[in-house]
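Undergrad: I need the structure of the sequence given here:
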Amino acid sequence: MNRLVSRLGVERYSGIYVFVVFVVVYSIWLPHTFPTVTTAQNIASNQAITGVAALGLVCALAVGAFDLSIAAVLGLSSTLAAALMVRFNLSPTLSIVLVLLMGVIVGLVNGLLVVRFRIPSVVATLGMSSILAAFDLFITNGQFITPLPTSFTDLTRGAPAGIPISFIVLIVIALVTWYVLEHTPLGRRMTATGAGADAARLAGTNTGQAVVVGLVISSTLGSLAGLMLVSTVGSAAPNSGPAYLLPLFAAVYLGSTQIKPGRFNIWGTIIALFVLATGVKGLQLAGGQLWVSYLFNGAALILAVGVAISAQSRRRSTSRRVRSRGGGAAVASGGDSSSTVELEPVLETADRPS
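TA: Residues are numbered from 1 along each chain as shown. Take a look at the predicted model:
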């Protein structure tokens, strides 16, 4: 059975199988609403916003830092961009630059709090989230900000060859972040820091710098996601960011069970994102209430973490049995331990200053 599961790639690609099951079941159940081009475009466009922010969160978690402020960054970015264009009559280009700069500054402050002042990332980013939420309410005063310039809203409204522009942006950013994390010295230092900060430091890695970079990337992509949100919707809503926090963590943790089990990775996150989105969309088209998405994402997050930790335990047990049989040398020489970041060490590292 284990060999069969391995050949079918169930451990690494189970999300793809679940996605196919969702598509088949919903297509049979809802033949007039689900299997349509419009539904596919809606899922691709809507999830692109969450996806861009989720890629940023992957970079933070890759260095062992929990960025709980990313959803607040997303929300503040959308309201700040709208306020700059509507109230101060700034050009869309300048507004975009200023919003992205705000994301960079937030990431630097988060990194400073974690690295220099040795505040656990959970605490630092949670506090930052509350501060950003206060700025969000201050800017909006509880009111929608609209209308936005057409030149700005048109940035995300095209669909060349039927593919939404926002989805194209998501794929481009996914390629860039994947290349940085997997094929550059910076990415390897970030991954090593998340796997074990103490070991990485002894190997000569500047772990503090890696943590700061991860948090800066996270906040910057959160800002970009906020810009995509306000451009897609055409108005800025007060306190719109917090609703994204659960879907973000659900996608990233479910993604850590895909492609490279036990490791936060880009393509696993993309698969998980659209598996969750497809499941929720089908239920909504079937008449599900608004609370369905919260229930679905919450259950997926708990399940993903449980499966990942269970898989880790099995791998450790197998490794111990192999070593006890004298196979330790073979494992050391042929294994790929450097490419796997286990979730439990990451959880511990995230709560320990680097």
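Undergrad: OK, contacts around L126?
TA: Residues in contact with L126 (C-beta atoms under 8 Å, 6 or more residues apart in numbering) are 68-69. Every residue, glycine included, has its C-beta placed from N, CA and C.
Undergrad: Surely A83 and I139 touch.
TA: Yes - between A83 and I139 there is a contact under C-beta atoms under 8 Å: 5.1 Å.
Undergrad: Mind listing the shared neighbours of these two?
TA: By C-beta under 8 Å, 6+ apart, the residues touching both A83 and I139 are I145.
Undergrad: what's the spacing between G255 and L276?
TA: Between G255 and L276 the distance is 10 Å, computed by C-beta to C-beta, to the nearest Å.
Undergrad: next one: I173
TA: As judged by C-beta to C-beta, I173 and L276 stand 19 Å apart.
Undergrad: of these two, who's got more company?
TA: L276 (27 against 19; other C-beta atoms under 10 Å).
Undergrad: And that one, how close does it get to L148?
TA: As for L276, its distance to L148 is 29 Å (criterion: C-beta to C-beta).
Undergrad: What of M228?
TA: For M228, the distance to L148 equals 13 Å [C-beta to C-beta].
Undergrad: ok, now V216?
TA: V216 is 27 Å from L148, by C-beta to C-beta.
Undergrad: Ok, I165 next?
TA: 16 Å.
Undergrad: Then M128?
TA: With the distance defined as C-beta to C-beta, M128 ends up 27 Å from L148.
Undergrad: more neighbours, these two?
TA: Legend: neighbour count by other C-beta under 10 Å for M128 and L148, higher for M128 (23 against 20).
Undergrad: so that one is in which element?
TA: According to DSSP states H and E, M128 maps onto helix 121-140.
Undergrad: after that helix comes which helix or strand?
TA: With DSSP H and E, the next secondary element past helix 121-140 is helix 150-153.
Undergrad: Give me the buried positions along the helix or strand just after that following helix.
TA: Counting by DSSP H and E, the element after helix 150-153 in chain order, helix or strand, is helix 165-183. Buried residues in helix 165-183, defined by neighbour count with 16 or more other C-beta atoms under 10 Å: 165-170, 173-174, 177-178, 180-181.
Undergrad: name the helices or strands packed onto helix 165-183?
TA: Counting contacts by 3 or more C-beta pairs under 8 Å, 6 or more residues apart in numbering; DSSP states H and E, helix 165-183 is packed against helix 37-62, helix 185-195, helix 207-233, helix 266-285.
Undergrad: low-confidence ranges in the protein?
TA: 1-8, 308, 311-312, 315, 319, 323, 326-354 (pLDDT under 70).
Undergrad: spatially speaking, which residue is in the middle of it?
TA: A54 (1.5 Å; C-alpha atoms, centre = their mean).
Undergrad: If you count residues, where's the longest helix of the chain?
TA: Longest among the helix segments of the chain by residue count, using DSSP state H, is helix 291-324.
Undergrad: Can you tell me the closest non-neighbouring residue to T191?
TA: A62 (5.7 Å; C-beta to C-beta, 6 or more residues apart in numbering).
Undergrad: residues in contact with the one you found?
TA: 181, 190-191, 194, 214, 264, 341.
Undergrad: Mind listing what's buried along stretch 93-107?
TA: So for stretch 93-107, counting by 16+ other C-beta under 10 Å, buried means 95-96, 98-100, 102-103, 106-107.
Undergrad: so how far is that stretch from its chain's centroid?
TA: Centroid displacement of stretch 93-107 relative to its chain, using C-alpha atoms, centre = their mean, to the nearest Å, is 19 Å.
Undergrad: what does stretch 169-181 give?
TA: Remark: stretch 169-181 is offset 12 Å from the chain centroid, using C-alpha atoms, centre = their mean.
Undergrad: Put the alpha carbons of that stretch into CSV.
TA: Provided in CSV are the C-alpha atoms of stretch 169-181 (Å, rounded to 0.1, in the frame of the first residue of the first chain):
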residue,chain,number,x,y,z
VAL,A,169,0.2,38.5,-11.7
LEU,A,170,-0.2,35.7,-9.1
ILE,A,171,1.6,33.2,-11.4
VAL,A,172,4.4,35.7,-12.2
ILE,A,173,5.0,36.5,-8.5
ALA,A,174,4.9,32.8,-7.7
LEU,A,175,7.6,32.1,-10.2
VAL,A,176,9.8,34.9,-8.8
THR,A,177,9.3,33.9,-5.2
TRP,A,178,9.9,30.2,-6.0
TYR,A,179,13.1,31.0,-7.8
VAL,A,180,14.3,33.2,-4.9
LEU,A,181,13.5,30.6,-2.2
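Undergrad: same for the longest helix of the chain, what does it pack against?
TA: Counting by 3+ C-beta pairs under 8 Å, 6+ apart, helix 291-324 packs on helix 245-255, helix 266-285, helix 328-334, helix 343-350.
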